[in-house]
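A.B. asks: A structural model of the following input is requested.
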Amino acid sequence: MRKECRPKTEKTVKPKRPSRMRFIPHNEIPSPRPILCEPISLLELAALRLSPAYYGHGVPAGDGSAVVIIPGLLGMDAVLFELHAWLSRLGYRPYFSGMGIAADCPHVLARRLEETIRRAHAETGRRVHLVGHSLGGIFARSAAVRMPNRIASVITLGTPFRGLVVHSAALALANLVRHWIHVQYGNVSESCGTSQCSCAFGQSLRRKWPASVAQTALYTRDDGIVDWRYCVTGDPASDVEVHGTHIGLIFSSHAYERIADRLSARPGSKKRCSRLPARRS
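C.D. replies: Predicted coordinates:
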């Protein structure tokens, strides 16, 4: 008998899993996050003043090291005033990023941050710690890759460094900033401001994470702007969950306690923060 010809079925090719320790080029994906909960961050600011950690009680004291703090998209150094003052009370030497408003060409902003890091390193004679909120964490990680000899550690607060999956309103703001960059600088690449950009900043986002720089990723599952699953490294020793909103991470007493804990860790140690109860995603 003649055998029937059956059409060949195409093989299903499984996509490769992204590396946990490096940036990957990604598309911007809108996520239906519960952004309406973000105004609660005002309550988090009020609650911060009632926390013992705010006054330096129950948290490790600083050792005089420099800590550069970096704001998120459309933010400016002034919004991190509480974090700056708190770090000073603990005994650290805090520095504002010096970037101005975070709404310029990323390469330009990265150069300004680099100048601040060099100054902090020169004035303290020690490697510098970086703390970045949201987009500021991307700049912190980029700086660590480009100048690892001057960076001791990086702490990110709600930073989507594994893929830009955020609320559509945040994407709209990012597109407005990108449009302004095109108007301001003229003929620039359409990939400007993304990990696919060919500038020094964009290239750094695709480089391997330096082993000499400690990293901590703080995230909250109640984040109303960023999908928290894209804010973690996948390493339990580096990922730390806290309570609160996305905006409130810069005011959260829980986040401050974890920041103090990680800043006090010795280089190369595997110190873990006390963790919150596990929750289902």
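A.B. asks: Identify each buried residue in stretch 207-216, please.
C.D. replies: Using 16 or more other Cβ atoms under 10 Å as the test for burial, stretch 207-216 gives W209, P210, V213, A214, Q215, T216. The C-beta positions use only the backbone N, C-alpha and C, and glycine is treated the same way.
A.B. asks: taking the residues you listed one by one, which sit in strands?
C.D. replies: A214, Q215, T216 (DSSP state E).
A.B. asks: residues in contact with the second one?
C.D. replies: Right, the one you point to is Q215. Taking Cβ atoms under 8 Å, 6 or more residues apart in numbering as the criterion, Q215 is in contact with R141, A144, S153, V154, I155, T156, W209, T233, S238.
A.B. asks: could those residues go into CSV alongside distance to V128 and pLDDT?
C.D. replies: CSV is the format used below for these (distance: Cβ to Cβ, whole Å; pLDDT from 0 to 100):
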residue, distance to V128, pLDDT
R141, 14, 94
A144, 10, 95
S153, 9, 97
V154, 10, 98
I155, 12, 98
T156, 15, 97
W209, 17, 93
T233, 21, 93
S238, 19, 95
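A.B. asks: any idea where the strands of the stretch 51-200 of the chain begin and end?
C.D. replies: According to DSSP state E, counting those that start in this stretch, the stretch 51-200 of the chain carries its strands in the segments 66-70, 93-96, 128-133, 151-157, 165-166.
A.B. asks: May I have the strands that pair with the third one, each with its orientation?
C.D. replies: Just to be clear, that refers to strand 128-133. Strand 128-133 has the following sheet partners, assigned by DSSP bridges: strand 66-70 (parallel), strand 151-157 (parallel).
A.B. asks: A265: which of these is closest?
C.D. replies: Closest of the strands paired with strand 128-133 to A265 is strand 151-157, at 7.8 Å (criterion: Cβ to Cβ).
A.B. asks: Name the surrounding residues that touch the closest one.
C.D. replies: 65, 117, 126-134, 136-137, 140-141, 143-144, 210, 213-218, 231, 249-250, 255, 259, 262-263, 265, 267.
A.B. asks: Okay, buried residues for stretch 98-107 please.
C.D. replies: Buried, per 16+ other Cβ under 10 Å, within stretch 98-107: G98, M99, A102, A103, D104, C105, P106, H107.
A.B. asks: do you know how far the fourth one is from E115?
C.D. replies: When Cβ to Cβ, to the nearest Å is applied, the distance between A103 and E115 equals 18 Å.
A.B. asks: burial of R146, as a residue count?
C.D. replies: R146 has 18 neighbouring residues, counting by other Cβ atoms under 10 Å.
A.B. asks: swap that for G58, sorry
C.D. replies: Neighbours around G58, by other Cβ under 10 Å: 10.
A.B. asks: Enumerate every residue touching A200.
C.D. replies: So A200 contacts H107, A110, R146 (Cβ under 8 Å, 6+ apart).
A.B. asks: what's the burial count for A46?
C.D. replies: 10.
A.B. asks: and it, helix, strand or coil?
C.D. replies: Per DSSP: H, G, I helix; E, B strand; the rest coil, the secondary structure class of A46 is helix.
A.B. asks: Adding distance to Y55 and mean neighbour count, write the strands of the stretch 51-200 of the chain out as TSV.
C.D. replies: Shown next, in TSV, are these (distance: least, Cβ to Cβ, whole Å; neighbours: other Cβ atoms under 10 Å):
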stretch	distance to Y55	mean neighbour count
strand 66-70	18	27
strand 93-96	16	20
strand 128-133	19	28
strand 151-157	21	26
strand 165-166	34	22
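A.B. asks: Serialize those to CSV and add fields for distance to I225.
C.D. replies: Shown next, in CSV, are these (distance: least, Cβ to Cβ, whole Å):
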stretch, distance to I225
strand 66-70, 17
strand 93-96, 23
strand 128-133, 11
strand 151-157, 12
strand 165-166, 6
